[in-house]
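Peer 1: generate a structure from the sequence data that follows.
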Amino acid sequence: MAKKRSRNQNPEPFLPEEEHDSKSKSSKKHSKAPKLHQQHNKLIASDMSSKILKEALIQQKEIQDEADTQRPGAAGFAFLKENTDAVQLDEEEIDHFSGFSETQSQYGGNEEEIDEDDEKLLEAFLSKDARPQRTLADLIVDKIKEKDAQVSSEKQLLPKMDDSIIELYKGVGKLLNKYTTGKIPKAFKHIPSLQFWEEVLYLTEPEKWSPNAMFQATRIFSSNFGVKKAERFYKLVLLPRIRDDISKNKKLHFALYQALKKSLYKPAAFNKGILFPLCESRTCNLREAVIIGSILQKVSIPPLHSSVALLKLAEMEYCGTTSYFIKLLVEKKYALPYRVLDALVEHFMAFLNDERIMPVIWHQSLLAFVQRYKNELVKEDKLNLNALVERQWHRLVTPEICRELKNSRNRGEKEDDLMSISSSAYVINKTIEEDRFDIPEVPMEEY
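Peer 2: Reported below is the predicted structural model:
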């Protein structure tokens, strides 16, 4: 219940009428409820001012961080050294991650089964003397050897880095090794702005990160790196970790699957850092292709990047699972340039005299290509493909390929038959005109 106003103990002296009116108007203006800082007779409360100052410092620091991206590496390390303690101790400058549920599908919703017979057949196309996948650690060791073959120390690798920075990122690496949910140090976010980011990342030992930490790292780097740096991170850190997890567990951890999905934030970097190295290694098995390919199925990819990917896959040395990625990209049904279509025809025609038994996925990829782009092929290409399927025959798929090639027009031809069908359809679909004054009688049912 509102309190009664106290009576004025010091009444105003007598004023003229005009002055009294102006006085009453001003008193009405100030009759509103006073604000919080007015109630305490202060301009701004001390706790509020500290928050404002703290927010201003944070914004100033962010501006300085952006400016540091233009600095050389040594200046970036010096700035980071000045803020080492703040980065370590300030818990308000740390992201929070709620983690993934352990009950979620390891395939990310992809339940496609692996055909063991087809997997054995694909092994005939795998390289037997392929070199192991290169990682970030291999790259750093090569750099050390290039600098000094006799002594390999971190000091020679990073001569401009302070000891406190080295210890800081080693500590960050230990946290990432056990990371599941919660907080990630902001020092980790400074890595994209550093010139020697590869060496700093090496200090955190990425091969020992937890799956959730790998997802967080992919999320940060895919957003802050350019295409070239993101490509190197995908190729040297993310791809080896994914292949190693699939090899050990016969499936992919859900957090790593989400990291792979997040890497498509930059499709050019995904193609150059994951898809192309995977196929060029000629050691990609069917299980890896199915899991990684499910990302291509679920995520929308710009047509330009899909065209480049198909062109590159068609020109590189063939591996059995390459057909699987070609099939997935073809089934997206993008309008491809003629150069890409011609390259795909040459890719398939390269197996005209191949005596090996082609896997089912090869026939399926050819069928998907013919179904989608049969009207964009020249007559000569169709004759060559007919000769190809006569030598590379599959009892279920090949008849469908022949039927698609036969019932199609050639590139550049006019659709005369289609025009006649459309004209007849126009007559059939013509709107029926009725005279509302001449409606035939409708007999009624007698009950």
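Peer 1: least trustworthy helix or strand in the protein by mean pLDDT?
Peer 2: When the helices and strands of the chain are scored by mean pLDDT, DSSP states H and E, helix 84-89 comes last with a mean of 42.
Peer 1: and the closest residue to Ser263 other than its chain neighbours, backbone torsions?
Peer 2: Spatial nearest neighbour of Ser263, excluding adjacent residues (CB to CB, 6 or more residues apart in numbering): Phe270 at 5.2 Å. No exception for glycine: its C-beta is placed from N, CA and C like everyone else's. Phe270 has phi and psi values of phi -60, psi -40 when expressed as degrees, to the nearest 10.
Peer 1: and the host helix or strand of Arg243, what's buried?
Peer 2: Using DSSP states H and E, the element containing Arg243 is helix 239-249. Across helix 239-249, burial judged by 16 or more other CB atoms under 10 Å covers 239-243, 245-246.
Peer 1: ditto for stretch 263-274
Peer 2: Going by neighbour count (16+ other CB under 10 Å), the buried part of stretch 263-274 is 263-264, 266-274.
Peer 1: show me where the stretch 201-350 of the chain has its helices.
Peer 2: Taking DSSP state H, counting those that start in this stretch as the criterion, the stretch 201-350 of the chain carries its helices at 211-224, 227-233, 239-249, 254-263, 267-270, 276-280, 286-298, 303-315, 322-330, 338-349.
Peer 1: just put these in CSV and tack on distance to Trp393 and mean pLDDT.
Peer 2: Shown next, in CSV, are the helices of the stretch 201-350 of the chain (distance: least, CB to CB, whole Å; pLDDT from 0 to 100):
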stretch, distance to Trp393, mean pLDDT
helix 211-224, 44, 93
helix 227-233, 40, 93
helix 239-249, 33, 94
helix 254-263, 36, 94
helix 267-270, 36, 94
helix 276-280, 26, 93
helix 286-298, 22, 92
helix 303-315, 22, 94
helix 322-330, 16, 94
helix 338-349, 14, 95
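Peer 1: and of those, who's closest to Phe196?
Peer 2: Comparing the helices of the stretch 201-350 of the chain against Phe196 with CB to CB, the closest turns out to be helix 227-233 (12.0 Å).
Peer 1: run a quick neighbour tally on the residue lying closest to Leu366 once chain neighbours are set aside.
Peer 2: Nearest residue to Leu366, sequence neighbours excluded (CB to CB, 6+ apart): Phe348, at 5.6 Å. Neighbour count of Phe348, defined by other CB atoms under 10 Å: 23.
Peer 1: re earlier: helices or strands next to the helix holding Arg243 in the packing?
Peer 2: helix 254-263, helix 276-280, helix 286-298 (3 or more CB pairs under 8 Å, 6 or more residues apart in numbering; DSSP states H and E).
Peer 1: for those helices, which one sits closest to Arg219?
Peer 2: Of these, nearest to Arg219 by CB to CB is helix 254-263, at 5.4 Å.
Peer 1: can you give me the angle that closest one makes with helix 211-224?
Peer 2: 10 degrees (axes from the mean of the first three to the mean of the last three CA atoms, to 10 degrees).
Peer 1: buried stuff in helix 254-263?
Peer 2: 254-263.
Peer 1: please name the residues that touch the closest residue to Tyr265 other than its chain neighbours.
Peer 2: Leaving out its chain neighbours, the residue that sits closest to Tyr265 by CB to CB, 6+ apart is Ser222, at 4.4 Å. With contact set as CB atoms under 8 Å, 6 or more residues apart in numbering, Ser222 has these partners: 230, 262-263, 265-266, 269.
Peer 1: list just the nearest of those to Leu304.
Peer 2: Of all the contacts of Ser222, Leu304 sits closest to Lys266, with 13.4 Å by CB to CB.
Peer 1: got the phi and psi for the closest one?
Peer 2: phi -120, psi 90.
Peer 1: ok, it touching Val227?
Peer 2: Yes - Lys266 lies in contact with Val227 (CB atoms under 8 Å); the separation is 5.9 Å.
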